[in-house]
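**Q** coords please:
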Amino acid sequence: MDVTSDTFERDVLERSRELPVVVDFWAAWCGPCRMLGPALESEAQKRAGQLELVKVDVEAEPALASQYGVRSIPTVAVFRGGEPVSGFVGAHPARLIGEFFDERVIGGTSPDPATGGATR
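**A** Below is the predicted model of the structure:
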């Protein structure tokens, strides 16, 4: 689902009070974003009902990117209870994304899938 500044509060902040919302900050011109997107979508689909995946195009929504401190893309942010709790920067393989979703997003804390260390 694509999210805009008009729908962010409802689709991310409010929805994250019910289940974790994973936000993919991306842009069409970004090669790593095009690699990460399908892996995120595939792994999220396997966990339907346990988390929500949304996408924010930083070219179309620069204010949202700025508000959440996005300095590099792709950036993935995890929201719980209306707040960003963690995330990671860069493209990662589907296997690591799946582990991140299972162990950190659905299971609790959310460290970076590449290093295991917290990013926020």
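**Q** Show me the contact partners of whichever helix in the chain runs longest.
**A** Using DSSP state H, we find that the single longest helix of the chain is helix 31-46. The contact list for helix 31-46 (CB atoms under 8 Å, 6 or more residues apart in numbering) reads 22, 24, 26-28, 51-53, 55, 73-74, 76, 90-94, 97-98, 101. Placement of C-beta: from N, CA and C, glycine included.
**Q** Output the below-cut-off pLDDT ranges for the chain.
**A** Low-confidence segments of the chain (pLDDT under 70): 108-120.
**Q** Can you show me the helices along this protein?
**A** For the chain, helices defined by DSSP H occupy the ranges 8, 31-46, 62-67, 94-99.
**Q** Return the set of buried residues in the longest helix of the chain.
**A** 33, 36, 37, 39, 40, 43, 44 (16 or more other CB atoms under 10 Å).
**Q** can I get those in CSV with distance to residue 61?
**A** Output for these, formatted as CSV (distance: CB to CB, whole Å):
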residue, distance to residue 61
33, 14
36, 18
37, 16
39, 22
40, 18
43, 23
44, 20
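**Q** and residue 23, how many neighbours?
**A** By other CB atoms under 10 Å, 25 other residues sit near residue 23.
**Q** I'd like the numbering to begin with 844 instead of 1 from here.
**A** With 844 as the first residue, the last one maps to residue 866.
**Q** Which residue lies closest in space to it, excluding its sequence neighbours?
**A** Excluding the flanking residues, the one nearest residue 866 by CB to CB, 6 or more residues apart in numbering is residue 920, at 4.6 Å.
**Q** That neighbour: neighbour count?
**A** The number of residues packed around residue 920, counting by other CB under 10 Å, is 23.
**Q** Contacts for stretch 847-860, please.
**A** Outside stretch 847-860, the residues touching it (CB under 8 Å, 6+ apart) are 844, 846, 864, 866, 895, 897, 899, 903-904, 906-907, 922-926.
**Q** Thanks a lot, see you next time.
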